[in-house]
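In: I'd like to go over a predicted model; first the sequence, then the structure.
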Amino acid sequence: MLLVEAIILSVLAASTPLLLAATGELVTERAGVLNLGVEGMMIVGAACGFAGAWVSGSIIVGALCGIVAGMLTSLIFAFMTLGLAVNQVATGLALTILGIGLSGLIGARFVGERITTAPKLSIPGLTDIPLVGRILFGEDAFVYLSLALIIGVWWFLYRTRAGLVLRACGDNHVSAHALGYPVLRIRMLAVLFGGACAGLAGAYLPLAYTPFFIPGMTAGRGWIALALVVFASWRPGRLVIGAYLFGAVTILQLHAQGAGVGIPSQFMSALPYLATVIVLVLLSRARTGGSTAPAALGTVFVPDR
Amino acid sequence: MQLVLEKRAERSRTIALVSPLIAIALTLITMSVLFAILGKNPITALGVYFIAPLTDGYSLQEIAVKATPLVMIAIGLSLCYLANAWNIGAEGQFLIGAVAGSWIAVTTQGTEAGHWVLPAMLVAGAVAGALYALIPALCRVRFGASEILTSLMLVYVADLLLDYLVRGPWRDPAGFNFPTTAEFDPVATVPVLIEGGRLHLGSIIALIVVAGAFVLLDRTIKGFEIRVVGVAPRAARFGGFNANQLVLLTFAVSGALAGLAGIIEVAGPIGHLQPGISPGYGFTAIIVAFLGRLNPIGILIAGLFLALTFIGGEQAQITMKIPLDVTKVFQGILLFYVLACDSLILYRFKLVFAARQVQSAAR
């Protein structure tokens, strides 16, 4: 295998959890809800996903466990912020703190265990095409699923009536409410979708990326996914570019470490985080003429009857 | 059946006072269920967590030692949150403060340096923490970048920097290859208050910080500005308060306090720089700030309470084999309940049953 091919394959793998989690958060934020608990939902998804796969011996069951775990944790968030009108930033932080503890508790007895990771697609003839074969036709199901999901989200947001209503809730909840749309219910569905995606993204890590679970294995990916949504200006197309760009930064620093570049490994490991800060600054700066964020993002809505 | 929120005409003062207590009570009930699920006797477990540490002198000192960084960081964070500036990177500022102060300790090691070393270390820690906190603050004020994300990303960077230093240039040559610096010299160590005890000077500094924050918020115009900018940004603009300047100020103060807490922790209870100097103080302090209602006195009490959970958690692990992660779960649940109960201050919760809904719809 060529080095370039190997790098592209690992970039796709590293980008997939970012893309999955960010896709969910994009929908949540387009509905006007800022859920900062992505990291917490992801890590719970990772622990439950691994537990499910280890107990059942099935990757699919593991992925479903991750999705359900993500949805359950996001349900707490939805109840707090939509039901009780609590500040979304603080609740998101609480969700992350709780998620890290819960995942440690659930995952404790699985540390040190191994599973066989999700199989890679193999189509005789197509997968064997030199150079592009393995990249296009030799990935695990999650990679294809993440791309299908973001295309689906694009279609939903811009080509369906329901998507239009969801965006309306995110831009002006008072008007959407006045028109008779159930703002809180729509937002709750969006939060649950975000939770499902984050849970799946977390589950991807022990099910396909590495064959084991370690506490704290998300290592800030949930926060990077949040930054990606900003990077993408809340648009699905740019989200794909952003996710693969960040995956590339992660992988390139790993390869640079492996190649023995004379820079301490810790500095290379810091690159994805520093890149996030720099990208956020550059983007926010370029966007001086009015923000592209959903206008009602992060604001509390209590319907008056 | 549906839960409906009804805005109160004014903030309920009674609930503002009792809501943290309701939250703690609800947390204890939830924890009992969790202990039962883990197959432990809930009463015994709660006893080990919350009562046993209060019964011996060593644990009492240890609670004060653990509360010291929590209270100092939380006081700074409360200023930020009051001004609606979301610093969630206190953990990073704590680490950078520890690194900057340790730099002086490491470079003066074994020299004839006098008693100026410790004060210099404390100043270096505070300054470094403030500068590190100013990065996300400047990014927000100058470029409009979300301070939530940037401040958090810098936590990972600080952690990696510390890791590099103790594994590389600052590693103790006589330390059997462990990633740690040599033990700091006596002049570079925070003195203990009682000979042979654990309680150290840092706890006094934390109390001074609490008093300072109380005076700032209650008796000065700056404190008033901070509170107005957070509660009523429009009114603050009409009042001529500079919101951006307040973001920078609160971030700098909270970074300085976190950095100071970091170097006190390293030069006090720990005695040398190593990875894992913080069991998540910077994040737990967020809970302390909210549980203390963003009020200095409240934060002091909340800090002692959360320190109790750290000590109780350690003892529960030793005596009852309860995993340490239970402490984090406990802290997360507590923050949820605190936030939920805070909602009671502004709203009345009402359960509306289907029959009544139909009625009101018909009206």
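Out: Thanks, I have it.
In: element containing B:Ala45?
Out: Per DSSP states H and E, B:Ala45 falls inside helix B:42-46.
In: how far away is A:Glu39 from B:Lys321?
Out: From A:Glu39 across to B:Lys321, the span is 28 Å (CB to CB, to the nearest Å). Every residue, glycine included, has its C-beta placed from N, CA and C.
In: between those two, tell me which one has more neighbours.
Out: A:Glu39 (29 against 9; other CB atoms under 10 Å in any protein chain shown).
In: just checking, that one touches A:Ala219?
Out: No: shown here, A:Glu39 and A:Ala219 do not form a contact pair, counting by CB atoms under 8 Å, at 9.2 Å.
In: grab the nearest non-local neighbour of B:Cys139.
Out: Leaving aside its chain neighbours, B:Cys139 sits nearest to B:Ala145 (4.2 Å; criterion: CB to CB, 6 or more residues apart in numbering or on different chains).
In: which helix or strand contains the residue of the stretch 101-250 of chain A at minimum distance from chain B?
Out: Of all residues in the stretch 101-250 of chain A, the one sitting closest to chain B is A:Gly101 (2.9 Å; CB to the nearest CB). Secondary structure assigned from DSSP H and E places A:Gly101 in helix A:88-107.
In: other SSEs contacting that helix?
Out: If contacts are counted by 3 or more CB pairs under 8 Å, 6 or more residues apart in numbering or on different chains; DSSP states H and E, helix A:88-107 sits against helix A:38-56, helix A:59-78, helix B:281-291, helix B:325-346.
In: show me where chain B has helices.
Out: Here chain B has its helices, by DSSP state H, at B:13-37, B:42-46, B:57-82, B:90-107, B:117-143, B:147-167, B:201-219, B:221-231, B:233-238, B:243-265, B:281-291, B:296-320, B:325-346, B:354-362.
In: wait, which of the ones you listed is closest to A:Cys197?
Out: Closest of the helices of chain B to A:Cys197 is helix B:147-167, at 18.5 Å (criterion: CB to CB).
In: that older thread, the residue of the stretch 101-250 of chain A closest to chain B: how many residues sit nearby?
Out: 25.
In: what parts of the stretch 151-300 of chain B come near chain A?
Out: Applying CB under 8 Å from any CB of the partner chain, we find that the stretch 151-300 of chain B lies next to chain A at B:152-154, B:156-157, B:160-161, B:163-164, B:167-168, B:283, B:286-287, B:290.
In: and the residues you listed, which is closest to B:Gly92?
Out: Using CB to CB, B:Leu154 comes nearest to B:Gly92 of these, at 4.6 Å.
In: give me the pLDDT for that closest one.
Out: With respect to pLDDT, B:Leu154 scores 95.
In: for it, what are its contacts?
Out: A:Tyr273, A:Val277, B:Gly89, B:Gly92, B:Tyr132, B:Ile135, B:Pro136 (CB atoms under 8 Å, 6 or more residues apart in numbering or on different chains).
In: farthest pair in those residues?
Out: Maximum distance among those (CB to CB): 13.5 Å, for A:Tyr273 and B:Tyr132.
In: any residue of stretch B:12-30 up close to chain A?
Out: No: applying CB under 8 Å from any CB, one finds stretch B:12-30 separated from chain A by no less than 11.0 Å.
In: list the buried residues of that stretch.
Out: Within stretch B:12-30, the residues scored as buried using 16 or more other CB atoms under 10 Å in any protein chain shown are B:Ser12, B:Ile15, B:Ala16, B:Ser19, B:Pro20, B:Ala23, B:Ile24, B:Leu26, B:Thr27, B:Leu28, B:Thr30.
In: of all those residues, which comes closest to A:Tyr209?
Out: Distances from A:Tyr209 to the buried residues of stretch B:12-30, taken by CB to CB, are shortest for B:Thr30, at 33.0 Å.
In: state the distance from the closest one to B:Gly276.
Out: From B:Thr30 across to B:Gly276, the span is 29 Å (CB to CB).
In: tell me the contacts of the closest residue to B:Val228 other than its chain neighbours?
Out: Computed as CB to CB, 6+ apart, the closest residue to B:Val228 that is not its neighbour in sequence is B:Ala236, at 4.7 Å. By CB under 8 Å, 6+ apart, the contact list for B:Ala236 reads B:Glu225, B:Val228, B:Val229, B:Ala243.
In: ok, the third one touching B:Gly240?
Out: Spelled out, that is B:Val229. No: using CB under 8 Å, B:Val229 makes no contact with B:Gly240, being 11.5 Å away.
In: those two: which is more packed in?
Out: It is B:Val229, of B:Val229 and B:Gly240, that has more neighbours when counted by other CB under 10 Å, with 25 against 7.
In: with adjacent residues omitted, what lies nearest to the more buried one?
Out: Of all residues not flanking B:Val229 in the chain, B:Ala236 sits nearest, at 4.4 Å (CB to CB, 6+ apart).
In: quick one: that neighbour from B:Gly282, how far?
Out: Taken as CB to CB, the span from B:Ala236 to B:Gly282 is 28 Å.
In: same check, this time on B:Leu207
Out: Using CB to CB, B:Leu207 is found at 20 Å from B:Gly282.
In: buried set for stretch A:149-160?
Out: Across stretch A:149-160, burial judged by 16+ other CB under 10 Å covers A:Leu149, A:Ile150, A:Val153, A:Trp154, A:Phe156, A:Leu157.
In: could you count how many residues lie near B:Phe176?
Out: Neighbourhood size, B:Phe176 [other CB under 10 Å]: 7.
In: cool, and the one 4 residues further on?
Out: Neighbouring residues of B:Thr180 were enumerated by other CB under 10 Å; the total is 19.
In: thought it was touching B:Gly271?
Out: No: the pair B:Thr180 / B:Gly271 is not scored as a contact, 9.8 Å apart, by CB under 8 Å.
In: show me what contacts residue 105?
Out: Defaulting to chain A. Here A:Leu105 is in contact with B:Pro323, B:Asp325, B:Val326, B:Val329 (CB under 8 Å, 6+ apart).
In: oops, I was thinking of chain B
Out: B:Val117, B:Met121, B:Thr181, B:Phe184, B:Asp185, B:Ala188, B:Ala267, B:Leu273.
In: could you do A:Leu26 as well?
Out: The contact partners of A:Leu26, by CB under 8 Å, 6+ apart, come to A:Val153, A:Val229, A:Ala232, A:Trp234, A:Pro236, A:Leu239.
In: against chain A, how distant is the closest residue to B:Leu82 other than its chain neighbours?
Out: Among residues not flanking B:Leu82 along the chain, B:Gly230 sits closest, at 4.7 Å (CB to CB, 6+ apart). B:Gly230 sits 11 Å away from chain A, going by CB to the nearest CB, to the nearest Å.
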